[in-house]
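**Student:** Starting from these lines, generate the structure:
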Amino acid sequence: MPQSNPESPEDKARKAAHGWMKYSGMAFQMIGIILAFVFAGVYLDRWLETGPIFTVVMSLLGVAGGLYTSLRDFL
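**Tutor:** This next block holds a predicted model:
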């Protein structure tokens with residue numbers, strides 16, 4: 001009869017660190033996407049000499065894109 005092999009403390013710590021790194025990486029990816037879209041909106045507003053319309057639109061698109069990639073990775 002095979003005996004169950006309990007997880008060692010090192011295995012538990014490794015699994016916890018893996019989960020922590022995965023979710024913190026997702027957060028940095030989301031922040032990067034949002035910032036890229038915001039900077040693109042600011043650039044377009046300066047280039048086209050408009051009000052903050054492109055900054056607002058691009059930041060909303062960045063939030064949607066960041067949420068999409070985070071949820072896709074999460075699920």
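**Student:** Identify the single longest helix in this structure, thanks.
**Tutor:** Secondary structure of the chain per DSSP state H: the longest helix is helix 9-48.
**Student:** Report the mean per-residue pLDDT for that helix.
**Tutor:** Here helix 9-48 scores 88 as its mean pLDDT.
**Student:** Flag every buried residue along that helix.
**Tutor:** Neighbour-count burial for helix 9-48, counted by 16 or more other Cβ atoms under 10 Å, picks out 26, 30, 33-34, 37-38, 40-41, 45. Bear in mind the C-beta positions are built from the backbone N, C-alpha and C, glycine included.
**Student:** For V63, state which of those is nearest.
**Tutor:** I34 (5.9 Å; Cβ to Cβ).
**Student:** before we move on, back to that, would JSON lines of the buried residues of helix 9-48 with distance to D11 be doable?
**Tutor:** Formatted as JSON lines, these follow (distance: Cβ to Cβ, whole Å):
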{"residue": "M26", "distance to D11": "23"}
{"residue": "M30", "distance to D11": "29"}
{"residue": "I33", "distance to D11": "33"}
{"residue": "I34", "distance to D11": "36"}
{"residue": "F37", "distance to D11": "40"}
{"residue": "V38", "distance to D11": "41"}
{"residue": "A40", "distance to D11": "44"}
{"residue": "G41", "distance to D11": "46"}
{"residue": "D45", "distance to D11": "52"}
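**Student:** Show me the residue at the heart of the chain, geometrically.
**Tutor:** M30 (2.5 Å; Cα atoms, centre = their mean).
**Student:** Could you check which helix or strand contains the residue nearest to A40 when sequence neighbours are not counted?
**Tutor:** Leaving out its chain neighbours, the residue that sits closest to A40 by Cβ to Cβ, 6 or more residues apart in numbering is M58, at 5.3 Å. Element membership of M58 [criterion: DSSP states H and E] is helix 53-74.
**Student:** Report the mean per-residue pLDDT for that helix.
**Tutor:** 93.
**Student:** tell me which residues in it are buried?
**Tutor:** For helix 53-74, using 16+ other Cβ under 10 Å, the buried residues are 54-55, 58-59, 61-62, 65-66, 70.
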